[in-house]
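Peer 1: would you be able to build a 3D model of this:
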Amino acid sequence: MWQTALREGLNTILTYLDPLHLLLGIVPAFLISGAIAALLDKESILRFFGPGANKWIAISVASIAGAILAVCSCSILPMFTSMYKIGAGIGPATSFLYSGPAINTAAIFISAAMLGRIGWARSLSAVILAFGVGLVMDLLFGKARARETIQDSTENPPKAGIPWKGLLVIFILVAIYMVGPNLYKGILMAAAFGIGYLLFTQEQRLNWYRESWSLFKLIFPILIGGVFVASALKVFVPASVIVKLFGTESFVSNIFSSLIGALLYFSTLTEVPITRSLIEMGMSSGSAIAFLLAGPALSLPSMILINRIMGIKRGMTYIILVILFSALAGSVYELIF
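Peer 2: Okay, the predicted model is just below:
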């Protein structure tokens with residue numbers, strides 16, 4: 001069994017490091033994240049998503065902002081790290097962290113096509129959950145986060161930025177990032193980076209690449225290790241056991257379902273066919289909702305990094321909220337349908 005687990009982990013890493021996925025998925029994610037940190041001036045971010053911004057508007061926007069991205073729980077982390085690093089409030093930042101992998105447009109329509117009513121319920125619940133998680137995180141840690149941001153702004157005054165150029169380049173990159181991983185996307189992405197190269201000074205370009213490399217060194221090694229462990233765990237927790245545990249309609253089953261989903265790693269959209277198979281094998285509808293809400297948003301590697309970025313207290317609070325809210329959404333679905 002250990003040999004099977006080792007083989008499963010290595011195979012998943014090799015799949016994750018596929019040159020096409022690496023060049024058109026992972027590398028652009030880090031370059032976009034570096035652009036957010038280096039090319040947007042701090043004052044602009046603080047104005048719209050900082051602790052002093054209107055939390056209802058900021059969290060609402062962040063809750064649906066992730067819908068334009070088709071990313072997994074790990075690919076969203078560089079972007080979240082950049083937002084958090086330059087002063088975004090903890091409410092909007094965590095709403096964005098959840099919404100990115102959970103509410104992307106591809107997931108909405110594929111879930112509906114493959115899972116029917118459960119798919120639509122997953123999409124609506126994800127928007128509500130993103131807002132709820134961000135709001136609770138803001139209520140618990142918003143004041144402390146505001147003090148940190150004020151102190152950081154005093155110690156490190158906001159750099160003179162060029163927000164409109166930065167926003168333009170980031171918008172183009174994100175728009176292209178939404179395209180599937182193909183040659184067309186690669187050509188467009190190269191052209192977009194070329195435009196960015198022409199728009200910015202040498203110092204700004206160096207800051208961009210430096211921030212991207214810094215995020216890569218921080219996140220990628222832990223990401224690879226976490227993907228290996230999460231994939232190896234599938235050998236020890238087979239689907240048949242999950243079905244036996246999660247075939248009944250109860251809040252406890254939904255909690256366990258969201259917990260298992262949170263521990264496993266799913267590439268973008270792979271949670272949909274997996275959930276469909278589990279439903280066919282006997283998983284309850286509520287457990288399926290909980291699994292769909294927690295699985296894409298969390299994974300073992302992402303949980304490790306979230307705790308490292310935000311600190312254990314805030315990181316664990318976010319993780320617990322996602323798991324609890326996912327289970328609660330499953331129970332509400334069971335009550336209604």
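Peer 1: let me know the pLDDT of Leu46.
Peer 2: Leu46 is assigned 56 on the pLDDT scale.
Peer 1: also Glu334?
Peer 2: For Glu334, pLDDT reads 93.
Peer 1: what helix or strand does it sit in?
Peer 2: Per DSSP states H and E, Glu334 falls inside helix 312-336.
Peer 1: which parts of that helix are buried?
Peer 2: Within helix 312-336, the residues scored as buried using 16 or more other CB atoms under 10 Å are 314-315, 317-319, 321-334. The C-beta positions use only the backbone N, C-alpha and C, and glycine is treated the same way.
Peer 1: what is the distance between that helix and the centre of its chain?
Peer 2: Helix 312-336 sits 16 Å away from the centroid of its parent chain (CA atoms, centre = their mean, to the nearest Å).
Peer 1: go on, stretch 119-138?
Peer 2: From the chain centre to the centre of stretch 119-138 is a distance of 13 Å (CA atoms, centre = their mean).
Peer 1: buried sites along that stretch?
Peer 2: By neighbour count on 16+ other CB under 10 Å, the buried set for stretch 119-138 is 119, 121-123, 125-127, 129-138.
Peer 1: what about the residues you listed, which are in helices?
Peer 2: 119, 121-123, 125-127, 129-138 (DSSP state H).
Peer 1: just how off-centre is stretch 262-276 within its chain?
Peer 2: On CA atoms, centre = their mean, the centre of stretch 262-276 falls 13 Å from the chain's centre.
Peer 1: now the terminal residues of that stretch, how far apart.
Peer 2: From its first residue to its last, stretch 262-276 covers 17 Å (CA to CA, to the nearest Å).
Peer 1: cool, stretch 306-320 as well?
Peer 2: End-to-end for stretch 306-320, by CA to CA: 12 Å.
Peer 1: cool, stretch 259-279 as well?
Peer 2: By CA to CA, the extent of stretch 259-279 from end to end equals 17 Å.
Peer 1: residues of that stretch that come out buried?
Peer 2: Buried, per 16+ other CB under 10 Å, within stretch 259-279: 259-269, 271-272, 274-276, 278-279.
Peer 1: I'd like the average pLDDT over stretch 168-188.
Peer 2: Computed over stretch 168-188, the average pLDDT equals 67.
Peer 1: same check, this time on stretch 317-326
Peer 2: 96.
Peer 1: same thing with stretch 62-71?
Peer 2: For stretch 62-71, mean pLDDT rounds to 68.
Peer 1: got it, and stretch 218-232?
Peer 2: Stretch 218-232 comes out with an average pLDDT of 70.
Peer 1: repeat that for stretch 81-93.
Peer 2: pLDDT averaged over stretch 81-93 gives 85.
Peer 1: what about that stretch, start to end distance?
Peer 2: Stretch 81-93: ends 9 Å apart by CA to CA.
Peer 1: buried set for it?
Peer 2: In stretch 81-93, counting by 16+ other CB under 10 Å, buried: 81-93.
Peer 1: who are the packing partners of the helix or strand containing Phe141?
Peer 2: Element membership of Phe141, judged by DSSP H and E, is helix 117-155. Here helix 117-155 touches helix 42-49, helix 55-65, helix 90-102, helix 105-115, helix 285-294, helix 312-336, going by 3 or more CB pairs under 8 Å, 6 or more residues apart in numbering; DSSP states H and E.
Peer 1: try 10 Å this time
Peer 2: Under the contact definition 3 or more CB pairs under 10 Å, 6 or more residues apart in numbering; DSSP states H and E, helix 117-155 sits against helix 42-49, helix 55-65, helix 90-102, helix 105-115, helix 271-280, helix 285-294, helix 300-310, helix 312-336.
Peer 1: now the last one against helix 300-310, angle please.
Peer 2: Computed by axes from the mean of the first three to the mean of the last three CA atoms, to 10 degrees, the angle separating helix 312-336 from helix 300-310 equals 130 degrees.
Peer 1: sorry, back to before: how about the buried residues of stretch 81-93 in CSV, adding distance to Gly100?
Peer 2: Compiled in CSV, the buried residues of stretch 81-93 are given as follows (distance: CB to CB, whole Å):
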residue, distance to Gly100
Thr81, 12
Ser82, 12
Met83, 11
Tyr84, 13
Lys85, 16
Ile86, 17
Gly87, 19
Ala88, 14
Gly89, 17
Ile90, 16
Gly91, 15
Pro92, 12
Ala93, 11
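Peer 1: can you tell me which of the residues you listed is nearest Pro221?
Peer 2: Proximity of the buried residues of stretch 81-93 to Pro221 (CB to CB) peaks at Thr81, which lies at 14.3 Å.
Peer 1: please compute how far the helix or strand harbouring the closest one lies from its chain's middle.
Peer 2: Following DSSP H and E, one finds Thr81 within helix 76-85. Counting by CA atoms, centre = their mean, helix 76-85 is centred 9 Å from the centre of its parent chain.
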